[in-house]
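Participant: Provide a 3D model corresponding to the input given below.
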Amino acid sequence: MTKKFHFIAGLPRSGSTLLSAILRQNPKFYARVTSPLYAMTDRMIDTMGPDMKYSSFFDEERRISVLRGLFDAYYHDFDPEGGVVFDTNRMWTSSAPLMAKLFPESKIICCVRHVHRIIDSFERVLRNNPLEYNSLFAFKNEPTIYGRVKMMMNARDGVIGGPHSALRSIWFTEHAKRLIVVRYESLVKQPEQTMKTLYQALGLEPFRHDFGHVEYAEPEYDLRIGLPGLHTTRGSVEFREGPLSIPPDVAQNYAHSNFWDAPQENIHGVKVI
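Facilitator: Numbering: from 1, shown residues only. Take a look at the predicted model:
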């Protein structure tokens with residue numbers, strides 16, 4: 001395996017698609033929206049675990065070899081000299097100890113944004129697709145924003161709450177040193193400086209990106225989850241955030257959820273861009 005691996009995680013609607021679109025401009029990089037490797041890795045670990053009859057055939061070295069082989073097989077067709085894979089899944093933060101075993105030099109890039117802004121962004125997407133039931137709510141109609149927010153913020157499997165909890169869970173551990181946080185505001189307001197800082201943090205050779213023409217879409221994936229256009233990026237990188245369109249009490253409930261901006265909580269010195 002000659003390629004390097006890094007991971008993109010963090011919160012939804014926080015710039016991960018835009019970041020992938022920018023990274024894809026570099027011919028040495030592979031980046032897309034959510035990949036199946038997190039789920040595949042989780043199932044493979046179960047298969048090799050103590051509850052399975054084959055567990056006696058696996059020591060730690062073999063488990064690591066099998067899991068690395070899974071990554072190598074999935075990305076077998078991407079092998080440029082000096083190639084770097086950025087695999088995306090919002091729950092990679094929960095697997096930081098595993099990534100330390102599989103890819104000791106890897107980092108987990110966590111895209112973040114204020115939670116009330118993420119809720120507002122999802123609500124705008126839903127209003128743009130009133131005829132679609134989607135995977136956010138198990139393809140069922142959830143008629144009020146209060147019900148939708150409750151589901152989205154579920155700490156176990158909510159589309160926002162799950163990744164937020166996973167990030168906060170690892171934030172106070174020794175594995176926090178693997179994290180690089182990229183604020184949404186930094187990426188859209190200062191893309192050139194943000195990418196320069198990110199490249200430096202990852203130890204990568206500089207590359208001149210075209211922030212005026214960033215194109216990327218995953219239409220088939222978006223249709224499958226019932227949210228057409230969710231992962232479409234076109235045009236120049238710029239800040240387009242408007243006024244909030246959610247009830248003030250909902251916004252207030254999550255207005256102080258950005259723990260990454262609190263110096264007293266950044267006890268492990270996580271790089272925050």
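
Participant: Quick check: phi and psi at Lys271.
Facilitator: When quoted as degrees, to the nearest 10, the phi and psi of Lys271 stand at phi -70, psi 120.

Participant: Would you mind confirming that Asn266 makes contact with Leu179?
Facilitator: No. If you go by Cβ atoms under 8 Å, Asn266 and Leu179 don't touch, sitting 10.2 Å apart. The way it works is simple: take the backbone N, C-alpha and C, and place the C-beta from them, glycine included.

Participant: the more surrounded of these two?
Facilitator: Just comparing Asn266 and Leu179: by other Cβ atoms under 10 Å the higher neighbour count belongs to Leu179, 23 against 17.

Participant: Break down the stretch 1-150 of the chain into its helices, ranges please.
Facilitator: 16-23, 37-47, 60-74, 96-102, 115-128, 145-152 (DSSP state H, counting those that start in this stretch).

Participant: taking these together, which one is wrapped up most tightly?
Facilitator: helix 16-23 (a mean of 24; mean count of other Cβ atoms under 10 Å).

Participant: Contacts for that helix next, please.
Facilitator: 8-10, 29, 31-33, 86, 88, 90, 109, 111, 182, 187-188, 191, 195, 209, 211, 214-216, 231, 233, 237 (Cβ atoms under 8 Å, 6 or more residues apart in numbering).

Participant: For this protein, which residues score under the pLDDT cut-off?
Facilitator: Scanning the chain with the threshold set as pLDDT under 70 gives 1, 52, 132-139, 229.

Participant: Please tell me how far Leu244 sits from Arg117.
Facilitator: Leu244 sits 8 Å away from Arg117, going by Cβ to Cβ, to the nearest Å.

Participant: Figure out the helix or strand that the residue nearest to Arg90 when sequence neighbours are not counted lives in.
Facilitator: Among residues not flanking Arg90 along the chain, Pro163 sits closest, at 3.9 Å (Cβ to Cβ, 6 or more residues apart in numbering). Using DSSP states H and E, Pro163 sits within helix 161-171.

Participant: can you list contacts of whichever helix or strand comes after that helix?
Facilitator: Once helix 161-171 ends, the next helix or strand along the chain (criterion: DSSP H and E) is strand 179-183. Contacts to strand 179-183, defined as Cβ under 8 Å, 6+ apart, come from residues 10, 15, 19, 93, 96, 107-113, 167, 170-171, 194, 198, 201-202, 260, 270-273.

Participant: Which neighbouring elements make contact with the next helix or strand after strand 179-183?
Facilitator: Following strand 179-183 in sequence order, the next helix or strand is helix 184-189 (DSSP H and E). In this structure, helix 184-189 packs against helix 16-23, strand 108-112, helix 191-202, with contacts taken as 3 or more Cβ pairs under 8 Å, 6 or more residues apart in numbering; DSSP states H and E.
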